[in-house]
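*Asks:* no sequence on hand, only this structure:
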Ligand code: C2E
Ligand code: MG
Ligand code: MG
Ligand code: MG
């Protein structure tokens, strides 16, 4: 009986392994089709200047409108795309779409907004990202000074020397660079001073439990003073509450992003989100919070 059940277990196990593998293959084929077709889209999440109560830019976040499975978030397909390498083609698509959006916003009088685009480690190989950025700028006529590239601290530390070359080349074109999910990648503080970068985005995990979590507060304060000493801008990710906003503002964090201000939205909803942020600050000023009274 033991032997029989062992065999069964093996059969079940191997069937489910096969199913998992074939569903990965199917997802890969479907994503390939999605990139070529028109199933991908970008949502944009406002990034706010906390001192002025103003939207200064947005982060482009990819979504997949899957014909059977509905709207998929990056968590459902980015890791697979990283493993298969398809994330490079996806990244090229995202850069093209974001650059076109920047040019369209300029036409619509929103040309001051920057757009931040997430880049994968795969795009840092063989100078691919430099070429993709150059192509996106050339074909859209977007303003390079209004394009930002986000590289996660994890990706950066995989090959600092090579990645620094790419970042420097992008910056030479006028594109800004942000380190995403900062504080989670164990980068050496020693080389931060030599990196060709413009801003640090404090990872959401350090913001989530503020202001009550003393250790997280200490980490955020350390990142802020480091950034200021190195002449870098700081953005807090994942701001969800007014208490977090007030705490961060008091510590000199100038920029923030989070559900408190706006979720990521389709581009046509950005003008509304800008209005909503302005209205919120109007209310806070008259209630006396944002001004610190
Ligand atoms: P990320 O670059 O750190 O983007 C921020 C993520 O946090 C977004 O999730 C955003 O919706 C979410 N977020 C923003 N504010 C809040 C908040 O207040 N609370 C909470 N709980 N979450 C918040 P999303 O859109 O699901 O993207 C997840 C990750 O997928 C991104 O993290 C980024 O690493 C990756 N990703 C998204 N778009 C792209 C892309 O075009 N290319 C690549 N390579 N990666 C992408
Ligand atoms: Mg990001
Ligand atoms: Mg992030
Ligand atoms: Mg993240």
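*Replies:* Looks like it came in fine. Everything quoted here is computed from the prediction, not taken from an experiment. Ligands and ions are numbered 1, 2, ... in the order given.
*Asks:* what sits against residue 256?
*Replies:* Counting by Cβ atoms under 8 Å, 6 or more residues apart in numbering, residue 256 touches 47-48, 50, 235-237, 239, 245, 248. Placement of C-beta: from N, CA and C, glycine included.
*Asks:* could you list which of those residues belong to helices?
*Replies:* Among the contacts of residue 256, the ones falling in helices (DSSP state H) are 245, 248.
*Asks:* where do the helices of the stretch 151-293 of the chain begin and end?
*Replies:* For the stretch 151-293 of the chain, the helices defined by DSSP state H, counting those that start in this stretch cover 153-158, 160-172, 189-192, 204-207, 214-230, 242-250, 270-287.
*Asks:* please identify the deepest-packed of these.
*Replies:* Highest mean neighbour count among the helices of the stretch 151-293 of the chain (mean count of other Cβ atoms under 10 Å): helix 204-207, with a mean of 20.
*Asks:* now for the residue nearest the centre of the chain: which residues touch it?
*Replies:* For the chain, the residue nearest the mean C-alpha position is residue 118 (4.9 Å; Cα atoms, centre = their mean). By Cβ under 8 Å, 6+ apart, the residues touching residue 118 are 59-62, 94, 150, 180.
*Asks:* over to residue 89?
*Replies:* Listed by Cβ under 8 Å, 6+ apart, the contact set of residue 89 reads 32, 35.
*Asks:* which element is it on?
*Replies:* helix 87-107 (DSSP states H and E).
*Asks:* tell me the angle that helix makes with helix 270-287.
*Replies:* 70 degrees (axes from the mean of the first three to the mean of the last three Cα atoms, to 10 degrees).
*Asks:* how about helix 87-107 and ligand 1, any contact?
*Replies:* Yes - remark: helix 87-107 sits within contact range of ligand 1 at 87, 91, 94, by Cβ under 6 Å from any ligand atom.
*Asks:* again, but for stretch 21-33
*Replies:* No - against ligand 1, stretch 21-33 shows no contacts by Cβ under 6 Å from any ligand atom, the least distance being 12.4 Å.
*Asks:* of the contacts of residue 118, list those near ligand 2.
*Replies:* With Cβ under 5 Å from the ion as the criterion, the contacts of residue 118 include 150, 180 near ligand 2.
*Asks:* what is the nearest of the contacts of residue 118 to ligand 3?
*Replies:* The shortest approach to ligand 3 among the contacts of residue 118 belongs to residue 180, at 4.2 Å (Cβ to the ion).
*Asks:* what's opposite that closest one in the beta bridge?
*Replies:* Going by DSSP bridges, residue 180 is paired in beta bridges with residue 152.
*Asks:* which residues does it contact?
*Replies:* 118, 150-153, 201.
*Asks:* ok, residue 191 touching residue 160?
*Replies:* Yes - contact criterion Cβ atoms under 8 Å: residue 191 and residue 160 qualify, at 6.1 Å.
*Asks:* closest to residue 111 among the contacts of residue 118?
*Replies:* residue 60 (16.1 Å; Cβ to Cβ).
*Asks:* tell me the contacts of that closest one?
*Replies:* 42-44, 94, 97-98, 101, 115-118 are the contacts of residue 60 under Cβ under 8 Å, 6+ apart.
*Asks:* between which two of those residues is the distance greatest?
*Replies:* Checking the contacts of residue 60 with Cβ to Cβ, the most distant pair is 101 and 118, at 14.6 Å.
*Asks:* on that earlier part again, among the contacts of residue 256, which are in strands?
*Replies:* 47-48, 235-236 (DSSP state E).
*Asks:* out of these, which are buried?
*Replies:* Buried members of those, scored by 16 or more other Cβ atoms under 10 Å, are 47-48, 235-236.
*Asks:* from those residues, which is closest to residue 282?
*Replies:* Distances from residue 282 to those, taken by Cβ to Cβ, are shortest for residue 48, at 14.0 Å.
*Asks:* among the contacts of residue 118, name the ones in helices.
*Replies:* Going by DSSP H, the helices hold residue 94 from the contacts of residue 118.
*Asks:* want to throw the contacts of residue 118 into JSON lines with pLDDT?
*Replies:* Shown next, in JSON lines, are the contacts of residue 118 (pLDDT from 0 to 100):
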{"residue": "59", "pLDDT": "98"}
{"residue": "60", "pLDDT": "98"}
{"residue": "61", "pLDDT": "98"}
{"residue": "62", "pLDDT": "98"}
{"residue": "94", "pLDDT": "98"}
{"residue": "150", "pLDDT": "98"}
{"residue": "180", "pLDDT": "96"}
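*Asks:* rewinding a little: near ligand 1 at all, the helix or strand following the helix holding residue 89?
*Replies:* Using DSSP H and E, the next helix or strand after helix 87-107 towards the C-terminus is strand 114-118. Yes - interface with ligand 1: strand 114-118 contributes residue 118 (Cβ under 6 Å from any ligand atom).
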